[in-house]
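# got a predicted structure here, sequence first:
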Amino acid sequence: MIDLGPATQDEMVLAFLKAELKSPRFSGEYQIDQRGLIDSADLQSSSQNQARLEALQRVKGALVLRDATWRRVALEKGDLTRLKYLNHPDWIELSGGTRLVSDGAKNVNSKKVSNINAHVLAIAHAVKTGARHPELIAVVGEEEKGADMILTEGHARATAYVLAGWPGQIVCILGTSRSTHGWDASYGQRASQGTPPA
């Protein structure tokens, strides 16, 4: 993993919304002024930042870790052993119970899960042809060297990157927090009752 420098919660929220609004599976869940708050985003505007945060929380619940420290990192192939899906039934099934993104990629052609497989394969094909995709977003427990990085946004993209041979360094906004474990469990329970994570 290569540290690319600090990021803010506001940057994370904007990146999350950009990815969700680009997705045909999730864009319909948001009622937001995409032109004003996303396409012409002003991260110096406290009112815009609050509006984006509220839009994300309306759809994803209590997602934001208030005590998190965010930074941008470039994930390398060796980081795959630490990269896990959220605690959601569909991704648990695809990974054979491990929640490892690498296992999900191994199973994508053999385990049919909801509408995930075709979506992952389409992204993998696009990646191989040079398409660029939004940053991944993940969290990790504070001061836990080598601890699991839990994806919060980008499940399908991360799986597709593995299928495409992990092309280069993949940028991720990574949050570090003492409350990662409790947050992961509670969000996983909420997510399991609705749409699977991206």
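Looks like it arrived, so ask away.

# now the helices for the chain?
For the chain, the helices defined by DSSP state H occupy 9-22, 46-60, 89-94, 101-107, 116-128, 155-163, 180-191.

# and the end-to-end length of stretch 157-172?
11 Å (CA to CA, to the nearest Å).

# how about it: buried residues?
By neighbour count on 16 or more other CB atoms under 10 Å, the buried set for stretch 157-172 is Arg157, Ala158, Thr159, Ala160, Tyr161, Val162, Leu163, Ala164, Trp166, Ile170, Val171, Cys172. Glycine gets a C-beta too; all of them are placed from N, C-alpha and C.

# which residues touch the fourth one?
Think Ala160. Ala105, Val120, Leu121, Ile123, Ala124, Ala126, Val127 (CB atoms under 8 Å, 6 or more residues apart in numbering).

# contacting residues for the residue lying closest to Cys172 once chain neighbours are set aside?
Nearest residue to Cys172 in three dimensions, chain neighbours excluded: Leu136, at 4.1 Å (CB to CB, 6 or more residues apart in numbering). When contacts are counted by CB under 8 Å, 6+ apart, Leu136 touches Leu75, Leu151, Glu153, Gly154, Arg157, Ala158, Ile170, Val171, Cys172, Ile173.

# show me those that map onto strands.
Members of these lying in strands (criterion: DSSP state E): Leu75, Leu151, Glu153, Ile170, Val171, Cys172, Ile173.

# who's the third one bridged to?
If I follow you right, that is Glu153. Going by DSSP bridges, Glu153 is paired in beta bridges with Ile137.

# quick check: it vs Lys18, distance?
According to CB to CB, to the nearest Å, Glu153 and Lys18 sit 10 Å apart.

# those two: who's more crowded?
Higher neighbour count among Glu153 and Lys18: Glu153, with 28 against 18, using other CB atoms under 10 Å.

# and the more buried one, how far from Arg71?
Applying CB to CB, the value for Glu153 to Arg71 is 16 Å.

# now swap in Thr129 and tell me
30 Å.

# is it true that Ser177 touches Ala147?
No. With contact defined as CB atoms under 8 Å, Ser177 does not reach Ala147; the gap is 11.4 Å.

# overlap in contacts, the two.
Taking CB under 8 Å, 6+ apart as the contact rule, Ser177 and Ala147 both touch Gly141.

# and stretch 132-146, how far apart are its ends?
Start-to-end, stretch 132-146 (CA to CA) is 28 Å.

# likewise for stretch 146-166?
End-to-end span of stretch 146-166 (CA to CA): 20 Å.

# and the most centrally placed residue in the chain, how far is that from Gly130?
For the chain, the residue sitting closest to the mean C-alpha position, by CA atoms, centre = their mean, is Glu153 at 1.6 Å. According to CB to CB, Glu153 and Gly130 sit 22 Å apart.

# low-scoring stretches of the chain, by residue?
Low-confidence segments of the chain (pLDDT under 70): 24-30, 61-66, 142-145, 179-198.

# is it true that Arg99 touches Trp91?
Yes. In this structure, Arg99 is within contact of Trp91 by CB under 8 Å, at 6.6 Å.

# can you list residues touching both of the two?
In contact with both Arg99 and Trp91: Tyr85, using CB under 8 Å, 6+ apart.
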